[in-house]
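> Sequence first, then the predicted structure, then my questions.
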Amino acid sequence: MAQAMRWRTGLAGGVAALLIACAGSGTVSPDQQRTSLVRQELEAFGQSLRTGNWSRVERFFSPANAAGVGELRDRMEERSRAERIVDLQFIVGRVLESDRLVNAQVRWNKSWVAPSGQPGRSSGTSEFVLEPHGQGYRILRITGDRLF
């Protein structure tokens, strides 16, 4: 009986060691790392948009996109008078890199509440062109369906 118990314990330990070794040896490709980082950046960008903190939103844009930032800010401020964002989700699809720029296809869903209390929803697909900046990315351009 003791021998059977040692055998089961040994077998369980061996299986556990094998699972840990397999999990620890998994490598993440550069494409997966880039996609993960783009997702993190866009989640933080979405959080800043939801809170309506413009100074936090601005930090996600490249200084090379000053005109685009001003246009987005004007549209955001106009829309904020008409709606309060309840939820904003970015679902990152395809992420491609070319000449140090990253192009991310992003599906977005937005929910809001109008001053009258009426809820609303919209969704769309946009292309975010990003440039590397420090440990993350900055937005150069957003094309496709408009968030605001």
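That came through fine.

> Give me the nearest residue to residue 58, chain neighbours excluded.
Once flanking residues are discounted, residue 58 sits nearest to residue 69: 6.2 Å by CB to CB, 6 or more residues apart in numbering. For every residue, glycine as well, the C-beta is placed using N, CA and C.

> If I look at the one you found, what pLDDT would I see?
pLDDT for residue 69: 75.

> And the strand or helix carrying residue 76, what does it pack against?
Residue 76 is located in helix 66-82, with elements delineated by DSSP states H and E. Here helix 66-82 touches helix 54-58, strand 136-144, going by 3 or more CB pairs under 8 Å, 6 or more residues apart in numbering; DSSP states H and E.

> secondary structure element for the spatially most central residue of the chain?
With distances taken as CA atoms, centre = their mean, the residue of the chain nearest its centroid is residue 39 (2.7 Å). In this structure, residue 39 sits in helix 30-51 according to DSSP H and E.

> Can you list the buried residues in that helix?
Neighbour-count burial for helix 30-51, counted by 16 or more other CB atoms under 10 Å, picks out 34-35, 37-39, 41-42, 45-46, 48-49.

> ditto for stretch 97-113
In stretch 97-113, counting by 16+ other CB under 10 Å, buried: 102-104, 106, 108, 110, 112.

> and those residues as JSON lines, adding secondary structure and pLDDT?
Putting those into JSON lines (DSSP: H, G, I helix; E, B strand; the rest coil; pLDDT from 0 to 100) gives the following:
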{"residue": "102", "secondary structure": "strand", "pLDDT": "95"}
{"residue": "103", "secondary structure": "strand", "pLDDT": "95"}
{"residue": "104", "secondary structure": "strand", "pLDDT": "95"}
{"residue": "106", "secondary structure": "strand", "pLDDT": "95"}
{"residue": "108", "secondary structure": "strand", "pLDDT": "94"}
{"residue": "110", "secondary structure": "strand", "pLDDT": "91"}
{"residue": "112", "secondary structure": "strand", "pLDDT": "88"}
